[in-house]
Every structure is written in C-alpha cells, then in structure tokens.
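S.K.: sequence-free structure coming up:
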C-alpha cells in the first residue's frame, strides 16, 4: 500500500484538523491562545513532539504488543517532551523563557496520542513522520488563528512580542490593529478561548459547506 | 497488529520494561549533559533580574553569590543579594511577596541602598488581568519606575498607599487592587529593611 502523501498533508492541515475538526488538544488550545504569538509557539513545540513521537512509534510498531501499546506511547510522548524541555532550557534559553511554560503542557494534549494510535501504529515510518508533522502544523495553524482573533479583538494587537519568540528579525510582525483601550477584555480572558474556538469550528464547517465538501464528522479513530 | 496469537504475559512485561529502560537511559543521559548549562542559564537570569534593581556601577562583586539568608517577619528564610564595593555593602536586593493582587500573589524584586532608599523595583511574577492590572509590569508601562529614589519617610509611612486609600500613589483606570498590592508590598519590603538592617549589612 503506497501512502497518499497529498491526502495526509491535507487531512492534517485542514480536512481532519486536530482542533477544528477532531476537537482534540483543547487544554493547550484554551490556555495558550491569548495571543497569536503564544498560539504559534505552543503549536510549533507540539509539532516537533508529534513528528518525533510518530516517527518512533512507527519504527517500533512491529515490536510493541497490542496490550501494552498505550503505556509505551505515553512513555514515548513524555520522553520526547522532556528531551525537548531539557535541550531548549540548556541551549535555546531565550526561546525557552517564552515557550518553557508551554512545553510540559504537551503531555496533556491527546492529539499526539490520537495520531500515534490512529496512524503511526499502523503505517510505515515515512508516512507517519509526514502525518505527525502536518497534524502538528495544522494544530499550529488553528492555535495561531484562534490566538490572532482573540488578540486583535481583545487587545487590538497582532503578534505582540513575536520578536521575543522568533528573534528581532520578526519585529515587523508586531502590529497594532485597533487603538489601545478599544479591546473587549473578555476575549483574552479564559471565556474568550471557548467562544473563539467554538466560532472557528463553525467557520470551518461553513467554509467546507460552501465549497461543496461533505462535513467530515471524523473522530479520532479515523485515518 | 498481526499478533493474533495470545502471547504470555511476560512478553508484554518484557516489552514495556525494555522501552522504559531504553528511554530512561536516554533521559538520564540528557539530564547529565544539560545539567550544567541549565544551572548557568538560571544564574544568568538571576543576575539579569538583579541588574534591573541594582545599578551595575555601584558594585564590583557578584550579588548572586554574595547573598545572606535572613528570616522575614513570618519566620521564613529570605535570600538577600548584596551588592558590594571594596568590601562595603552598597546595595541590597530581595524578593518581596506583595500578597493579594487581583489574580493571586505578586512577586517583586526590590533593590535598596544602605540608607533604605529604593534603587529600583520590578515585578518578577504576576497573574494580573492583561490590559488592566498588568500595567505594573515594566514591559508595559513605566508606572513601577516612579518608586525609584523614594524611602519610608518620603513619602511618610501613612502616605504609602494608593490615592484611593488616601495615599499618594496613582492607581490606574480600571485597576485599584493591583497597584494597592504593589504599593503595600513595597512598603512591607522597606519595613523589612528597617527591621533587619544590621543583619543584612554586616560583613565578615
């Protein structure tokens, strides 16, 4: 069976998007989308862990018995998260100061686990790596989008502090869309996360409907 | 999942054990390799945050390593970082827990000179509402810098309050609880200096 990479990429980014379609990974989605920059940082960190975990599970898929697969998957995700955490703290400290808060949260995200179980456990190494990467990038896209909406309406800026996360070269991303004191505070407070995430799910379905696609009511277990 | 035949339990145990051992070794190795760099980074962070409340020009030592431990009013140990020049204490910095903000405790780093004058103060951790209470953060507004140079006496102790409580410090629109906690915290920090001055200044 040759893998359909186009399908995998499209599924990850849009059709079967982890947040907007499968509604997985809601904990970091709610907690880390106060600004677009935070959403982006959380997304990228998750994508790295997902790619690495998918790769490892696919490598070992023929050796792990069905009965103990879940503990092994959790072990692999947790080990990857810790590796990323320690390495970044030691050698990418500036980035760590911004992202450090998010990284342990990746373990509480069930999107990586869902992809291990639904995809990497059955498919060869390369498609699994692609799936992990693009599911992660789809997650990044959703979190950045939710963060952008909350940030623009909540405090009138977009990509505030992006230069702290990505380096001074990205200063140009930092924009002020609305004047100061115009923001609707509730959107950057926790309820805003639920409101905007819900509206984004609706928006995605409306776009799919308008383009004549069938709404994919996919759960975590479809490939 | 071609394993149709039921395998004995020890096979599963062995597989799980092997994975745990393998990843355990990887993690332990990473920990050993990264331990020292992480410690260095933590020290650098501390020095950066101390640099904000103690001017570099007044000391020739490393305040992070020249620290003493003093007990605060509640009997807790508090690390006091000491800036020294030519063996004499020229400045002190310590953390102050400014009790109840709107979103929980606010942590301050307070720097004072040997006369109890504020060299600088910064909020180092808070959970205040973005856009309202977070104006205490030096990254957002310069509100916190107005305390530099003040001491207990200027203004007098009963004026160390926000304007709403009859003091002399401005709150900001939409937030009173946050600046009230910060002003109170700084006053507490100065009182702590007054009460423990001799212990903090003594040099061996």
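M.R.: Sure, I can see it. Keep in mind it's a predicted model, so treat the numbers as computed, not measured. Numbering: from 1, shown residues only, chains lettered A, B, ... in the order given.
S.K.: who in chain A is up against chain B?
M.R.: A:34, A:60, A:63-68, A:71-72, A:75-76, A:79, A:82-83, A:86-87, A:89-91, A:93, A:97, A:121-122, A:154-155, A:183, A:185, A:188-189 (C-beta under 8 Å from any C-beta of the partner chain). Yep, even glycine has a C-beta here, placed from its N, CA and C like the rest.
S.K.: Kindly recompute the last result at 7 Å.
M.R.: Residues of chain A that fall close to chain B, judged by C-beta under 7 Å from any C-beta of the partner chain: A:34, A:63-68, A:71-72, A:75, A:79, A:82-83, A:86-87, A:89-91, A:93, A:155, A:183, A:185, A:188.
S.K.: count of residues packed around residue B:194?
M.R.: Residue B:194 has 11 neighbours, counted by other C-beta atoms under 10 Å in any protein chain shown.
S.K.: Then residue B:99?
M.R.: Count around residue B:99 with other C-beta under 10 Å applied: 14.
S.K.: Likewise for residue A:167?
M.R.: Residues near residue A:167, counting by other C-beta under 10 Å, number 11.
S.K.: now it: how far from residue A:98?
M.R.: For residue A:167, the distance to residue A:98 (C-beta to C-beta, to the nearest Å) stands at 11 Å.
S.K.: same question, residue B:171
M.R.: 30 Å.
S.K.: List the contacts of the helix or strand of chain B at the bottom of the mean pLDDT ranking.
M.R.: Every helix and strand of chain B was ranked by mean pLDDT, DSSP states H and E. The lowest is strand B:67-71, at a mean of 82. If you take C-beta atoms under 7 Å, 6 or more residues apart in numbering or on different chains as the criterion, strand B:67-71 is touched by B:77, B:78, B:79, B:80, B:81, B:82, B:196, B:199, B:200.
S.K.: Repeat the analysis, applying 10 Å as the threshold.
M.R.: Outside strand B:67-71, the residues that touch it by C-beta atoms under 10 Å, 6 or more residues apart in numbering or on different chains are B:46, B:50, B:76-82, B:89, B:92-94, B:192, B:195-196, B:199-204.
S.K.: one step back: residue B:171 and residue A:98: which has the busier surroundings?
M.R.: residue B:171 (21 against 16).
S.K.: so who does that one touch?
M.R.: Contacts of residue B:171 (C-beta under 10 Å, 6+ apart): B:135, B:143, B:161-165, B:177-180, B:182-183.
S.K.: quick one: the helices in chain A?
M.R.: Counting by DSSP state H, residue ranges of the helices within chain A are A:5-10, A:26-31, A:36-60, A:69-91, A:93-99, A:110-115, A:125-155, A:162-166, A:190-210.
S.K.: Please identify the buried residues of the second one?
M.R.: The neighbour-count criterion (16 or more other C-beta atoms under 10 Å in any protein chain shown) identifies A:26, A:28, A:29, A:30, A:31 as the buried residues of helix A:26-31.
S.K.: same check, this time on the shortest one
M.R.: By 16+ other C-beta under 10 Å, the buried positions in helix A:162-166 come out as A:162, A:163, A:164, A:165, A:166.
S.K.: Save those residues as JSON lines, and put in distance to residue A:56 and pLDDT too.
M.R.: Shown next, in JSON lines, are those (distance: C-beta to C-beta, whole Å; pLDDT from 0 to 100):
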{"residue": "A:162", "distance to residue A:56": "31", "pLDDT": "78"}
{"residue": "A:163", "distance to residue A:56": "34", "pLDDT": "76"}
{"residue": "A:164", "distance to residue A:56": "31", "pLDDT": "72"}
{"residue": "A:165", "distance to residue A:56": "27", "pLDDT": "73"}
{"residue": "A:166", "distance to residue A:56": "28", "pLDDT": "75"}
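S.K.: Including distance to residue A:146, could these go into TSV?
M.R.: Shown next, in TSV, are these (distance: C-beta to C-beta, whole Å):
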residue	distance to residue A:146
A:162	16
A:163	21
A:164	20
A:165	17
A:166	19
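S.K.: Look at residue B:144 and say how many residues are nearby.
M.R.: Residue B:144 - counted by other C-beta under 10 Å - has 20 other residues nearby.
S.K.: So for it, what's the nearest residue that isn't a sequence neighbour?
M.R.: residue B:138 (5.3 Å; C-beta to C-beta, 6 or more residues apart in numbering or on different chains).
S.K.: Tell me which helix or strand the one you found sits in.
M.R.: Following DSSP states H and E, there is no helix or strand that holds residue B:138.
S.K.: quick one, what contacts it?
M.R.: Per C-beta under 10 Å, 6+ apart, neighbours of residue B:138: B:52, B:120, B:121, B:122, B:123, B:124, B:144, B:145.
S.K.: now do residue A:67
M.R.: By C-beta under 10 Å, 6+ apart, residue A:67 lies in contact with B:3, B:6, B:7, B:9, B:11, B:12, B:13, B:15, B:16.
S.K.: When you filter these down to buried only, what's left?
M.R.: Among the contacts of residue A:67, those classed as buried by 16+ other C-beta under 10 Å are B:12, B:15, B:16.
S.K.: Restricting to the residues you listed, which residues neighbour chain A?
M.R.: Contacts with chain A within those, as defined by C-beta under 10 Å from any C-beta of the partner chain: B:12, B:15, B:16.
S.K.: I figured the last one was touching residue A:73, is that so?
M.R.: Spelled out, that is residue B:16. No: if you go by C-beta atoms under 10 Å, residue B:16 and residue A:73 don't touch, sitting 11.3 Å apart.
S.K.: got any residues that touch both of these two?
M.R.: By C-beta under 10 Å, 6+ apart, the residues touching both residue B:16 and residue A:73 are residue A:64.
S.K.: sorry, back to before: dump the ones next to chain A among the buried ones among the contacts of residue A:67 into TSV; add distance to residue A:138 as well.
M.R.: Formatted as TSV, these follow (distance: C-beta to C-beta, whole Å):
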residue	distance to residue A:138
B:12	34
B:15	32
B:16	31
